[in-house]
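Engineer: Here you go, sequence then predicted model.
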Amino acid sequence: KISNITLPAGVEYVRVSKNNIENIVFSGNVKSLEANSNNITNITLPEGIEEVSLASNNIENITIPTSVKRLNLSSNKISNIDLPTNIQTAELNNNKISNIDLSKNNDLLVLELHENPLEDIDVRNNPNLLKLVFGIKTEKDTIDFSINPKLSTVKIYGKDGGKIKALDFSNQPNLSELRL
């Protein structure tokens, strides 16, 4: 069982999934980290990292560096998260997220929030969004997707479309997959 890894400065790509790792210490310019299915509860990501995949760990809180473009934190215990403004992909399925502020994430292309106790979602400031996966636990009158003309995939999970009364897809010429 490997519990700790300390990386030298020259390592750029780290793939250490399924090793029961509890801690990773960075010193250098890691660009990409894949450490899925370990026992990580707390991690300090280095500035400059662009791709992070820490799915299936035990993370409750994490600070995401502004350099991160692709993020997978699915199947953790996260309840609050602040996404960097230039993030492009955020996979946050199966966590404890009830609210998320996406108002400054104009570059967001893919957002997955399935299996979270999400109370609401507002994607009006995400005009480049291509894929959206979520479910809402509270009743909502409508969700307006008219500001998201690039959407090609929308998956809304939950009984009765996630308790949403109306959906507006009138401005989605690229919509090719809709699942309710």
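Structural biologist: Looks like it arrived, so ask away.
Engineer: So which residues of this protein form helices?
Structural biologist: Listed in chain order, the helices found in the chain under DSSP state H are 159-163.
Engineer: What is the least confident helix or strand in it?
Structural biologist: Scoring the helices and strands of the chain by mean pLDDT, DSSP states H and E places helix 159-163 at the bottom, with a mean of 57.
Engineer: Where does the prediction get shaky in this structure?
Structural biologist: Where the chain drops to pLDDT under 70, the residues are 159-162.
Engineer: what's the nearest residue to residue 113 if we skip its chain neighbours?
Structural biologist: Computed as Cβ to Cβ, 6 or more residues apart in numbering, the closest residue to residue 113 that is not its neighbour in sequence is residue 134, at 4.2 Å. Where you see a C-beta, it was placed from the backbone N, CA and C, and this is true even at glycine.
Engineer: is it true that the one you found touches residue 145?
Structural biologist: No: counting by Cβ atoms under 8 Å, residue 134 sits too far from residue 145 to count as a contact (11.9 Å).
Engineer: more crowded one of the two?
Structural biologist: Summary of the neighbour comparison: residue 134 and residue 145, criterion other Cβ atoms under 10 Å, with residue 134 having more neighbours (24 against 20).
Engineer: That one pairs with what?
Structural biologist: Partner residues in beta bridges with residue 134: residue 156, with DSSP bridges as the criterion.
Engineer: quick one, what contacts residue 173?
Structural biologist: residue 149 (Cβ atoms under 8 Å, 6 or more residues apart in numbering).
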